[in-house]
Every structure is written in C-alpha cells, then in structure tokens.
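Enquirer: Sequence plus predicted model, see below.
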Amino acid sequence: MRTDTIFALASAPGRAGVQVIRISGPDAGTALSRLTGCPLPSPRHARLAALRDPVTGELFDKALVLAFPGPGSFTGEDVVELHLHGGRAVLSAATQALMGLGLRVAEPGEFSRRAFEHGKLDLTEAEAIADLVDAETAAQRRQALRQMEGALGQLYDGWRHRLTRALAHLEADIDFPDEDLPGGLSDAVRPVVEGLVADLSGHLADQGRGERLRDGISIAILGAPNAGKSSLLNAIARRDVAIVSNQAGTTRDVIEVQLDLGGYPVLLADTAGLRDAADQVESEGIRRALDRAAKADLKLLVFDGSELPDPATLALADDDAILVMNKADLPGAVAPLVGRPILPLSARTGDGVPALLSALEQAVAARYAPSGAPALTRARHRAALEECRENLHRALQAPLPELAAEDVRLAVRALGRITGRVDVEDLLDVIFRDFCIGK
Ligand SMILES: Nc1nc2c(ncn2[C@@H]2O[C@H](COP(=O)(O)OP(=O)(O)OP(=O)(O)O)[C@@H](O)[C@H]2O)c(=O)[nH]1
Ligand SMILES: [K+]
Ligand SMILES: [Mg+2]
C-alpha cells in the first residue's frame, strides 16, 4: 500500500464558482497548515482561510478549507479539501504550491482505490461510484446508488458465506469420513451447493438488465429504402441528424443517437434500407444494418404505408420488434396485414410519434425495469459468477470429497474476486483505471 500524499481536482475543470481540490495521505494536515499558516480547523468544520504559496509567500486565493481526519474519511487516510474559486490560474497556483510541499498529483481512481485498500468500500461499491458519476438518466442513477449502498456486495458476500460454511462441512467429511457415503458431496452439503447453483442461475438469467441499464439499451430502426427511417430518427431526436432524400439507398453508415427514454438510456440507430443492392458500398451498409438488427435489444421496423409490405423487413418481426406504418399522412396509406399491431405515424408531420415513444418506453420498461433483487451490472461480475457456477457444477459431479472440496474452494474464490475479498491485486489496475482523476 502506498503511503505518499496525493491531491487532485475533485470537481470538473474550467471556470466555475467553486472548484474543490482533495488531498489524501499522511501529510494532508501539514500541507493545509503550511498553506494557511494556521493550525488545522476542527474536523469536518469549514473555515475561511487565506492560502499562500509556502515557497514564495504569495497569496493565491481565499478559500473554504476542511479537514477530515483518518480513519473516518472517504479514503480512510487524513483528507483535506480546499474549496477554491473556480478557474485555471487559481488551480495552477494551488497545484504549484502543493507540489512544492512534496505532494503528488493523484492517478485516475486513486482516491477510491485507497478507500478500497483501507476497507472503506468493497469493489462493487467502488465501481458504483464510477457508475453514479457517469449516470446520465434517472434509472442509471438509481441502480448505481443502490449498488453504492452495498446491495450487490451484500448479495455476493452472502453467497460466499453460504459456500464457505458448506466447504467447512466438506472438509470435516474428509477428515472424518463416513464409509457408507461413497460420493463426493455429503447429504448435508449437496442441497447447499444445488441451492446456490439455482440462485446463481436466476441472477445470471436476467437478460442483461443491469448491464443494459449501465451501458444503454440498443434500438435499431430497420426497413426498406425510402420507408422513412432517417426521417423517423430525426423526428425522435428532434434534430437533423441523418440525411433524408427521396433517393433510395441514402443511408449507408449506422447513425446513432442517444436518448433518455423515460429514465432509460437508449442508443437509437438508423440503418441502410434493406434490399438486394448492386452497389458495393450500399451492400456493405445493408450488411451493417443486419448486423445491428441481430445485436439490438429492440427493433423498430418501419413500413411505408403507400407501398406493399417489404418481405426483408417482415422477416425481422420477432418478439423484440415494434412495427410502425410511416407516411400515414399520404391519402392511400394502408397498414400491412401481418397479424400483429402496427402503429400508424408520419415522420413528416410528427403525428403518431409521441404514441410510438410511449410504446417504446413500455417495451423497454417491460424488459429492463429493475426487479426486486439487485442487478448484475458488469461483464466482470458476470464472468466471475459463471466461473463460480461452473466450479459448483463440477463439485456436484465430483467422485471424491477431496475433489469436490477443491471445486467449492475455486467457486468461493470466484465470488470473492467480485467484491475484492480475495487476491485481486492484478484486477485493481484494470478496475480503477476507468475512473476519472479526483475520484
Ligand atoms: N409523405 C411523407 N413522406 C415521408 C415521410 N417520411 C419520410 N418521407 C419521405 O420519404 C423519403 C425517404 O425518406 P428517408 O427518411 O430518407 O427514408 P429512409 O428510409 O431513411 O431511406 P434510405 O436511407 O434510403 O433507406 C423522403 O423523400 C422523405 O421526405 C412521411 O411521414 N410522410
Ligand atoms: K432515402
Ligand atoms: Mg435513411
């Protein structure tokens, strides 16, 4: 564990009313006294102080200062905050003064990493801080807050404790063997392992709910050339994002727009019109459209009400598809009869677009609304949970208790890596590198 004293701007850089510099480490208190020329303010009480560069003696700001003595601070170390006036010149003077005192600029995520290393947070809580800072919609914020309060860490730790107890039983079986039981797992342990496999499977089979909420739900707009896909994207985004023209085959690249759909983060993609294209570039566009259709969480299939229904688009109409009939403003527009509801709308006039948005919102909520249990939010967690389940499956089939015990031990380790209860040194750089400076 490193013990030097670090500092960083905790607020966003640039002109602002206030900017906050956070300092953490054994020399944090001394550094503050050297800047103010006064003893430390009482813990967690703000005080107005004149700050001077200890080398030149020059006044560089009058600011609120706060001290949070360790271990009751965010990082667990002595922490000091300077609430300076926002702006580059003040920041650079403060940086120079702190470096002059031998302090080091923090690396991204270093404050949270120290908090983890001092046992103030587990890894899922640390990751949730990053998610909360990155949250752009209400649903993302709620999920991150819940995880930050420890809901996910408690779930995984609870499972780990269950398994650890089972392992203790198993080891007792090995030390005091019962000759009548030839199998790997005894009657006392087998139901525990089976129960956990069931819980893990339930948690893993969540359609990526938590991960989608974190990363965004992908919706692809698909249809024949000139059906009005780009017009619809522009109508939904309420800006002129994609080129619209009466020339079939206008869109080639996938064009993405981020939306907040009733609190859910959505990535809406316009794609090339589906047809047998002779043009090489257009064919590549269609390949990308179909690729996007396959990966999308939901598909928005656009039909031109003044044309016969397009078979290539109809072929994509599965349970994850919402069908719309565009150009409802044209006098002869007719919805294709395909045995399921089709929303009439006009991308040109905007009629029917609000109804489509609520249908989309409902479809998204039906799939991704949070369930009662805390959600799986990261691929890192999913991989560890799958590894855990695999080891438990192996334990259930093990012919000898010694082999079963080794599999259960591996399963316990896999769970422990999620919250950081076991050796995770190799993981820490990867996890905290994604944080921004000052967190
Ligand atoms: N009357 C009417 N015309 C529309 C409507 N929506 C789109 N159009 C017209 O239909 C033509 C094609 O629109 P686009 O939005 O470029 O269609 P697209 O599906 O993106 O076409 P490609 O990118 O070529 O596949 C344009 O001339 C639009 O003005 C609508 O609701 N009503
Ligand atoms: K077009
Ligand atoms: Mg287009």
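Expert: Everything's here; your move. Numbering: from 1, shown residues only. Ligands and ions are numbered 1, 2, ... in the order given.
Enquirer: what about the residue in the stretch 251-400 of the chain positioned nearest to ligand 3, how many residues close to it?
Expert: Closest to ligand 3 within the stretch 251-400 of the chain is residue 251: 3.1 Å, counting by Cβ to the ion. For every residue, glycine as well, the C-beta is placed using N, CA and C. With neighbours defined by other Cβ atoms under 10 Å, the count for residue 251 comes to 22.
Enquirer: Checking residue 141 next. Helix, strand or coil?
Expert: With DSSP: H, G, I helix; E, B strand; the rest coil as the basis, residue 141 sits in helix.
Enquirer: For it, give its distance to residue 134.
Expert: As for residue 141, its distance to residue 134 is 10 Å (criterion: Cβ to Cβ, to the nearest Å).
Enquirer: do residue 292 as well
Expert: 24 Å.
Enquirer: okay, these two: which has more neighbours?
Expert: Set residue 292 next to residue 134 and count neighbours by other Cβ under 10 Å: residue 292 wins out with 21 against 14.
Enquirer: Enumerate every residue touching that one.
Expert: Residue 292 makes contacts with 218, 220, 254, 269, 271, as judged by Cβ atoms under 8 Å, 6 or more residues apart in numbering.
Enquirer: Residue 60 belongs to a helix, doesn't it?
Expert: No. Per three-state DSSP, residue 60 lies outside any helix segment and is strand.
Enquirer: which residue sits closest to it, ignoring its sequence neighbours?
Expert: Nearest residue to residue 60 in three dimensions, chain neighbours excluded: residue 93, at 3.8 Å (Cβ to Cβ, 6 or more residues apart in numbering).
Enquirer: Would you mind pulling the contact partners of whichever strand or helix holds the one you found?
Expert: Residue 93 belongs to helix 88-100 when assigned by DSSP states H and E. Here helix 88-100 makes contact (Cβ under 8 Å, 6+ apart) with 7, 9, 13-15, 19, 21, 23, 31, 35, 51-55, 58, 60-61, 82, 84, 105.
Enquirer: Could you check how many residues crowd around the closest residue to residue 3 other than its chain neighbours?
Expert: Once flanking residues are discounted, residue 3 sits nearest to residue 26: 6.1 Å by Cβ to Cβ, 6+ apart. Neighbourhood size, residue 26 [other Cβ under 10 Å]: 12.
Enquirer: So how do I select the buried members of the contacts of helix 88-100 in ChimeraX?
Expert: Entered in ChimeraX, the line below selects the buried ones among the contacts of helix 88-100, by 16 or more other Cβ atoms under 10 Å:
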select :7,9,19,21,23,31,35,51,52,53,54,60,61,82,84
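Enquirer: Take the contacts of helix 88-100 and keep only those in helices.
Expert: Among these, DSSP state H puts 31, 35 in helices.
Enquirer: Take the contacts of helix 88-100 and keep only those in strands.
Expert: Judged by DSSP state E, these include 7, 9, 19, 21, 23, 51, 52, 60, 61, 82, 84, 105 as members of strands.
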